[in-house]
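Student: With the input below, show me the fold.
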Amino acid sequence: MRVKNGLFVIDAPDGVLFSAPPSEVDVIIASSPHLRLTLSALALASQQGVSVVICDEKYLPVGMLLPLEGNAVQAERFARQAAASRPTNKQLWRQIIRAKISMQARLLQHVLGDDLGLLDLAKSVRSGDPTNVEGQASRRYWAALFPTERFYR
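Tutor: Next comes the predicted model:
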């Protein structure tokens with residue numbers, strides 16, 4: 001990914017694959033191990049308020065580049081998260097996992113007509129999820145969505 005004439009440009013081996021003005025981009029998710037980002041692309045993203053998320057080989061987010069200008073709200077959020085107590089973090093994690101599993105249950109109910117017990121699992125999540133209910137729900141969820149494939153997440 002590079003910049004040309006003020007546009008983000010993504011090249012393919014046979015030419016330009018895609019280009020876009022920064023005003024039409026909210027976030028860049030760098031998830032391909034083959035992706036190369038130029039410094040000018042990163043600088044333009046930052047100047048235009050575009051965040052960049054970096055993913056690892058499993059396509060999981062491992063880093064983020066946030067614009068400094070006008071990002072006081074995000075900086076405050078990061079500071080509060082860093083200052084939160086361990087019990088608070090564990091309770092927040094519980095809420096996040098419950099919401100995630102509940103949404104997975106709703107999707108399964110919509111698609112399959114059965115939530116496969118995910119709503120009950122969501123209710124059983126404890127602070128910090130010490131029994132890994134998230135993992136149990138994930139196995140059921142992905143196996144139900146892709147029953148004929150060997151799906152790994």
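Student: Just the buried positions in the biggest helix by length in the chain, please.
Tutor: As assigned by DSSP state H, the longest helix anywhere in the chain is helix 86-112. For helix 86-112, burial by neighbour count (16 or more other C-beta atoms under 10 Å) applies to Arg94, Ile97, Arg98, Lys100, Ile101, Ser102, Gln104, Ala105, Leu108. The way it works is simple: take the backbone N, C-alpha and C, and place the C-beta from them, glycine included.
Student: And the fifth one, how close does it get to Phe146?
Tutor: Pointing back at Ile101 there. Applying C-beta to C-beta, to the nearest Å, the value for Ile101 to Phe146 is 18 Å.
Student: what's the spatially most central residue of the chain in contact with, if anything?
Tutor: Centroid-nearest residue in the chain, with C-alpha atoms, centre = their mean: Pro61, separated by 6.0 Å. For Pro61, the contact set (C-beta atoms under 8 Å, 6 or more residues apart in numbering) comprises Val53, Ile54, Cys55.
Student: repeat that with 7 Å
Tutor: Val53, Cys55 (C-beta atoms under 7 Å, 6 or more residues apart in numbering).
Student: cool, and Leu112?
Tutor: So Leu112 contacts Ala144 (C-beta under 7 Å, 6+ apart).
Student: Next: the one 4 residues further on.
Tutor: Contact analysis of Leu116 by C-beta under 7 Å, 6+ apart lists Leu108, Arg140, Ala144.
Student: likewise Ser19?
Tutor: Ser19 touches Leu7, Phe8, Val9, counting by C-beta under 7 Å, 6+ apart.
Student: and of those, the nearest to Glu76?
Tutor: Phe8 (28.4 Å; C-beta to C-beta).
Student: Relative to Val50, how far out is the residue nearest to the centre of the chain?
Tutor: 16 Å.
Student: repeat for Arg94
Tutor: Taking C-beta to C-beta as the measure, Arg94 falls 32 Å from Val50.
Student: Thanks a lot, catch you later.
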